[in-house]
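A.B. asks: sequence and predicted structure, then a few things I'm wondering about:
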Amino acid sequence: ADNNVTISKGLEGIYIANTTLCQIDGAHGKLWYRGYPIETLADKSNYEEVAYLLLYGNLPKKKDLETFRKKLISEREVPESIADIIRTFTGRMHPNDVLRTCVSALPAFDVDMNDKSVEANLERAIKLTAKLPTIVAMIGRYKRGKPFLAPSSTLSHAANFLYMLNGVEPDSESAKLMDLMFMLHAEHGSNASTFSTLVTGSTLADVYASVVAGISTLRGPLHGGADEAALNMMRAIGNPENTETYIEDALAGKQRIMGFGHRVYKAYDPRAKIVYNYLKTFMTKTTDPTIERLLEIALRSEKLMEEKLSKTKGIWPNIDFFSGPLYTAVNIPSDLFTPVFAAARVVGWTAHLFEYWQNNRLFRPLDNYTGKLDIEYVPIDKR
Ligand code: SDX
């Protein structure tokens, strides 16, 4: 073994490529998509415009956005056999696994998988961006024993998702919250699921295969699964009075508090701040005791974690912490949180893939062998 090799666990601190898609200032808790501060996009933009910005590199002119929006709407439908996959597997495995399985089948409906042109791949990115929310909504419908609803051809991306899931057109506040969550989850540099997408794409596997890798990677509680886990913790706490005891016991038991900490942010995740602020405003309009209780538990957890870990170890709330109460406020069940994350992030995954393919290199890191060599092979009856 080469003993003076330095292993970078989890590739911490390793740069894999140049990008103009996203900048994260982890020390100061700042985030930009293509140079625009996330706070500005959250306040002024919408998911369709952000998706266009990520895929094409600039904010669209009015007519470009209209064309892009119509394209997304025209691609919302999914083939009947995808509905069969949803009927077959929903309830037998986690919704994120059902989503992954559906996306695995999409190449069967692609125009021509041999066409690897930039235009064909952009078409695939648009298809995936439009179809994943439909698939997630259908999984949610099936779980609730409700019939599938055909996608709207007029509602916005976010409003259509809530319509297909809940069977009613959302009010403007709920649609805005959902649009915000899609924007905030759209892109975030070389996080684990984006990296996984790039590793797969770096072998020149196709867009669908690369996105399936991303969906699979997002599933884990250390990454996209944290929002579901954080809400489950808040529900386990139940009564806000139990918050401090619960968190202290968990920390004493060396458990991780889901929704806190980040490999890059050593300050408050700016997305978590935005989620909390919009949810607080939303709550001034609706008095929902369940959400109020969840928010109280969240705030008490945040205060305790600030004293115990944030200031000392730089472990602050991340985007997954307040997402649960917000998704609950717009009637999304917790086992759909990660699939919703995937539906939003598919545009970031594909934008990174296309950027990386412009200067592709196969990912093939090294591992440091520490075993023996040239050991003698002993025949089995002599062992
Ligand atoms: C996302 O990368 C991205 O950008 C991801 C994401 C995106 O948009 O794509 O931002 C989305 O995935 C957000 C993160 C969601 N995950 C969670 O909330 C799960 C809980 N968080 C932790 O598991 C952890 O903070 C990670 C995985 C997010 C980051 O972990 P690191 O950088 O590998 O840090 P680590 O595991 O080495 O922890 C360092 C120390 C450890 O203590 P010691 O062993 O040194 O004593 O900090 C502790 C950890 O135990 N720690 C925590 C903690 N997070 C880290 N302790 C309690 N609770 C936590 N949440």
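C.D. replies: Nice, I can see it. Residues are numbered from 1 along each chain as shown.
A.B. asks: report the closest residue of the stretch 251-383 of the chain relative to the ligand.
C.D. replies: The ligand sits closest to G261 of the stretch 251-383 of the chain, with a gap of 2.3 Å, by Cβ to the nearest ligand atom. The C-beta positions use only the backbone N, C-alpha and C, and glycine is treated the same way.
A.B. asks: ok, that residue - contacts?
C.D. replies: Residues in contact with G261, defined by Cβ atoms under 8 Å, 6 or more residues apart in numbering, are 309, 315-316, 318.
A.B. asks: just the pLDDT at it, thanks.
C.D. replies: Note for G261: predicted pLDDT of 96.
A.B. asks: picking up where we left off before, which one among the contacts of G261 gets closest to T154?
C.D. replies: Among these, N318 lies closest to T154 (Cβ to Cβ), at 34.9 Å.
A.B. asks: count of neighbours near the residue nearest to that closest one when sequence neighbours are not counted?
C.D. replies: Among residues not flanking N318 along the chain, D269 sits closest, at 4.2 Å (Cβ to Cβ, 6 or more residues apart in numbering). When neighbours are counted by other Cβ atoms under 10 Å, D269 registers 28.
A.B. asks: tell me the secondary structure for the residue of the stretch 1-150 of the chain found nearest the ligand?
C.D. replies: Closest contact between the stretch 1-150 of the chain and the ligand, by Cβ to the nearest ligand atom, is at G10 (5.6 Å). Three-state call for G10 (DSSP: H, G, I helix; E, B strand; the rest coil): helix.
A.B. asks: tell me which helix or strand R263 sits in.
C.D. replies: R263 belongs to no helix or strand when elements are defined using DSSP states H and E.
A.B. asks: quick check: it vs D64, distance?
C.D. replies: 35 Å (Cβ to Cβ, to the nearest Å).
A.B. asks: returning to what we had before: quick check, pLDDT for the residue nearest to N318.
C.D. replies: D269 is assigned 98 on the pLDDT scale.
A.B. asks: interface residues of the stretch 151-300 of the chain facing the ligand?
C.D. replies: 188, 191, 222-224, 226, 256-264 (Cβ under 6 Å from any ligand atom).
A.B. asks: now, which of the residues you listed lie within helices?
C.D. replies: A226 (DSSP state H).
A.B. asks: now for the residues of the stretch 151-300 of the chain next to the ligand, which pair is the farthest apart?
C.D. replies: Applying Cβ to Cβ across those, the maximum distance is between H188 and I257, 20.3 Å.
A.B. asks: just put the contacts of G261 in a markdown table and tack on distance to the ligand.
C.D. replies: A markdown table is the format used below for the contacts of G261 (distance: Cβ to the nearest ligand atom, whole Å):
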| residue | distance to the ligand |
| --- | --- |
| L309 | 6 |
| I315 | 5 |
| W316 | 10 |
| N318 | 4 |
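A.B. asks: and which of those is nearest to Y52?
C.D. replies: N318 (26.3 Å).
A.B. asks: was I right about the closest one contacting D227?
C.D. replies: No - look at N318 against D227 with Cβ atoms under 8 Å: they stay out of range, at 9.5 Å.
A.B. asks: tell me which of those two has more neighbours.
C.D. replies: Between N318 and D227, counted using other Cβ under 10 Å, D227 has the larger neighbour count: 27 against 23.
A.B. asks: check contacts around that one.
C.D. replies: Neighbours of D227 in contact, by Cβ under 8 Å, 6+ apart: 259, 319-320, 323-324, 327, 337-338, 341.
A.B. asks: repeat that for 6 Å
C.D. replies: 320, 323-324, 337 (Cβ atoms under 6 Å, 6 or more residues apart in numbering).
A.B. asks: same thing with Y327?
C.D. replies: Counting by Cβ under 6 Å, 6+ apart, Y327 has contacts F337.
A.B. asks: that one and T245: what is the separation?
C.D. replies: For Y327, the distance to T245 (Cβ to Cβ) stands at 26 Å.
A.B. asks: what of G201?
C.D. replies: 47 Å.
A.B. asks: one more: S196?
C.D. replies: 37 Å.
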